[in-house]
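**Q** sequence and predicted structure are below.
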Amino acid sequence: MALRNIRIEGDEILQKKAKPVKKITEKVKVLAEDMIQTMYEKEGVGLAAPQVGMLKRLFVIDVSETRDEPIVFINPVIEETYGEQIGAEGCLSVPGKQGRVARPQKVKVKALDLDGNEFELEAQDFFARAICHENDHLNGVLYTELTKEIIEV
Ligand SMILES: [Zn+2]
């Protein structure tokens, strides 16, 4: 495993739409493992492949307190959203800043895991926020485009 460099706001790859993962090769598995390691190292709760320069529809999230429950989402689809929450959000690609962003309170998402098996889960509160944030990265969208309320932290 290796740490990957995180692309910072202004890097045009962060504005591009990522492509579906066609086959879960060894390379894709290594990418996911590296992303998990990088996310922990940088103390993030999520990381999307475009943030490490790979235009693939893949992100990793760990919202557990113990920081040992990473979930890999490959070719994710947000199937349903419910309600709304407004809260603080940060991004490893936008260091030193936070913004208040409106997100769904709850989402239903479908994706593939690293073995190529489809799974579906419902997430709410901060977990739902993280999924929406990471999924936006796959579409070239940063949270800074969704809010005018951004502060330095
Ligand atoms: Zn982000």
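**A** Thanks, I have it.

**Q** so who does residue 133 touch?
**A** 46, 89, 91, 101, 103, 143 (C-beta atoms under 8 Å, 6 or more residues apart in numbering). Every C-beta, even on glycine, is put in place using the N, C-alpha and C of the backbone.

**Q** from residue 79, how far out is residue 36?
**A** With distances taken as C-beta to C-beta, to the nearest Å, residue 36 is found 24 Å from residue 79.

**Q** comparing these two, which residue is more hemmed in?
**A** A count of neighbours by other C-beta atoms under 10 Å puts residue 36 above the other of residue 36 and residue 79, at 18 against 11.

**Q** distance of the nearest residue to the more buried one once chain neighbours are set aside from residue 61?
**A** Using C-beta to C-beta, 6 or more residues apart in numbering and skipping residues adjacent in sequence, the residue nearest residue 36 is residue 70, 4.6 Å away. To residue 61, residue 70 is 7 Å away according to C-beta to C-beta.

**Q** correct me, but residue 74 touches residue 23?
**A** No. Residue 74 is beyond contact range of residue 23, at 10.5 Å (criterion: C-beta atoms under 8 Å).

**Q** more neighbours: which of the two?
**A** Taking other C-beta under 10 Å, residue 74 and residue 23 do not tie; residue 74 has more neighbours (23 against 7).

**Q** okay, the closest residue in space to that one that isn't next to it in sequence and residue 72: tell me how far apart.
**A** Closest residue in space to residue 74, ignoring its immediate chain neighbours: residue 112 at 4.1 Å, by C-beta to C-beta, 6+ apart. Separation of residue 112 from residue 72 (C-beta to C-beta): 9 Å.
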